[in-house]
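>>> Quick one: sequence and predicted model below, then my questions.
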Amino acid sequence: MTNRVYVAIDTPDLARAKALATRVRHHVGGIKLGLEFFCAHGQAGVREMAALDLPIFLDLKLHDIPNTVAKAVQALHPLHPAILTVHASGGRAMLEDAKAAAPIGTKVVAVTMLTSLDSGDLAATGVQGSAHDHVVRLAGLAQEAGIDGIVCSGAEVAAAKALWPHGFFVVPGVRPADAAVGDQKRVVTPRAALDAGASILVIGRPITEAEDPDQAARAIAATL
Ligand SMILES: O=c1ccn([C@@H]2O[C@H](COP(=O)(O)O)[C@@H](O)[C@H]2O)c(=O)[nH]1
């Protein structure tokens, strides 16, 4: 089976990004590039990372009116990312237009509720109820909009998959049992996330901030 770990390369330093990805490339299944990297290096930087010959997950979490998001997705066509994120709370029309604008072969997935949030944070934004219910509600919206899947924590993926058996489920907030949680609030172990139904795992700091990133990636792969 192919390796289902995408390593989150979160740095504005292109040389460090390339060095990290080169070190771990044989023990991960893809590279996830997010806002920190994209704001610093844009499409040229993504192309340099794509030269490492691993699938690229472009985690830009687009969130705007439908027309603006669709135009942004069109502007990303030359990169042909394997996976691209938008925010589910942008609404159904935005999700539909993002998918329609994406290149064939790019999976468009919607972030439901950031893994750095809990139900207390939800309440502070005026949303009552549990993280679980919020994620399941937004998973239904994403499914109806015809996109490919969602981003959620490992704690909700089983419920989302029950609702959407053929969805594509991206799970960040993944931590080996002994790893520092940092700013993540809804965390699960890599094994638990896969057992619950994750399609891919996103893992950053437990690999990139390890003394030996190569060994850390290998150790995680061994538990899967
Ligand atoms: O809900 C979400 C959506 C995206 N992310 C991204 O995943 C990685 C996680 O990095 P770690 O170092 O393993 O915490 C990071 O790039 C986030 O932007 C997320 O964590 N949660």
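That came through, no problem.
>>> For Asn3, give me its contacts.
By Cβ atoms under 8 Å, 6 or more residues apart in numbering, Asn3 lies in contact with His27, Val28, Gly29, Ala221, Leu224. From N, CA and C alone the C-beta is placed, and that goes for glycine too.
>>> Quickly name whichever of these is closest to the ligand.
Nearest to the ligand, judged by Cβ to the nearest ligand atom, of those is Val28 at 12.4 Å.
>>> Get me the contact residues on this protein for the ligand.
8, 10, 34, 59, 111, 114-115, 151, 172-173, 182, 184, 202-205 (Cβ under 6 Å from any ligand atom).
>>> Emit the ChimeraX select command for whichever of those residues are buried.
Entered in ChimeraX, the line below selects the buried ones among the residues of the chain next to the ligand, by 16 or more other Cβ atoms under 10 Å:
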select :8,10,34,59,111,114,115,151,172,173,184,202,203,204,205
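>>> What about the residues of the chain next to the ligand, which are in helices?
Arg205 (DSSP state H).
>>> of the residues of the chain next to the ligand, closest to Val73?
For those, the minimum distance to Val73 (Cβ to Cβ) is 13.7 Å, reached by Asp59.
>>> In contact with the residue nearest to that closest one when sequence neighbours are not counted, which residues?
In this structure, Asp59 finds its nearest non-sequential neighbour in Gly34, 4.2 Å apart by Cβ to Cβ, 6 or more residues apart in numbering. By Cβ under 8 Å, 6+ apart, Gly34 lies in contact with Ala8, Asp10, Asp59, Leu60, Lys61.
>>> try 10 Å
Gly34 sits next to Ala8, Ile9, Asp10, Thr11, Phe57, Leu58, Asp59, Leu60, Lys61, Thr85, Val202, Gly204 when contact means Cβ atoms under 10 Å, 6 or more residues apart in numbering.
>>> Tell me where the protein is predicted with low confidence.
1 (pLDDT under 70).
>>> Find the closest residue to the ligand in it.
Gly204 (2.6 Å).
>>> OK, contacts around that residue?
Counted by Cβ under 10 Å, 6+ apart, Gly204 has contacts Tyr6, Val7, Ala8, Ile9, Asp10, Thr11, Lys32, Gly34, Pro172, Val174, Gly182, Gln184.
>>> Please name the nearest non-neighbouring residue to the fourth one.
The one in question is Ile9. In space, Ile9 is closest to Ala17, 4.9 Å off (Cβ to Cβ, 6+ apart).
>>> which SS class is that neighbour?
helix (DSSP: H, G, I helix; E, B strand; the rest coil).
>>> Now that it has come up, it's in contact with Ala51, right?
No: contact criterion Cβ atoms under 10 Å: Ala17 and Ala51 do not qualify, at 11.9 Å.
>>> Pick out whichever of those two has more residues nearby.
Between Ala17 and Ala51, counted using other Cβ atoms under 10 Å, Ala17 has the larger neighbour count: 24 against 9.
>>> residues contacting that one?
With Cβ under 10 Å, 6+ apart as the criterion, the residues that contact Ala17 are 9-11, 31, 33, 36-37, 40-41, 45, 48-49, 52, 208.
>>> Throw those residues into a markdown table and include secondary structure, thanks.
Output for the contacts of Ala17, formatted as a markdown table (three-state DSSP):
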| residue | secondary structure |
| --- | --- |
| Ile9 | coil |
| Asp10 | coil |
| Thr11 | coil |
| Ile31 | strand |
| Leu33 | strand |
| Glu36 | helix |
| Phe37 | helix |
| Ala40 | helix |
| His41 | helix |
| Gly45 | helix |
| Glu48 | helix |
| Met49 | helix |
| Leu52 | coil |
| Thr208 | helix |
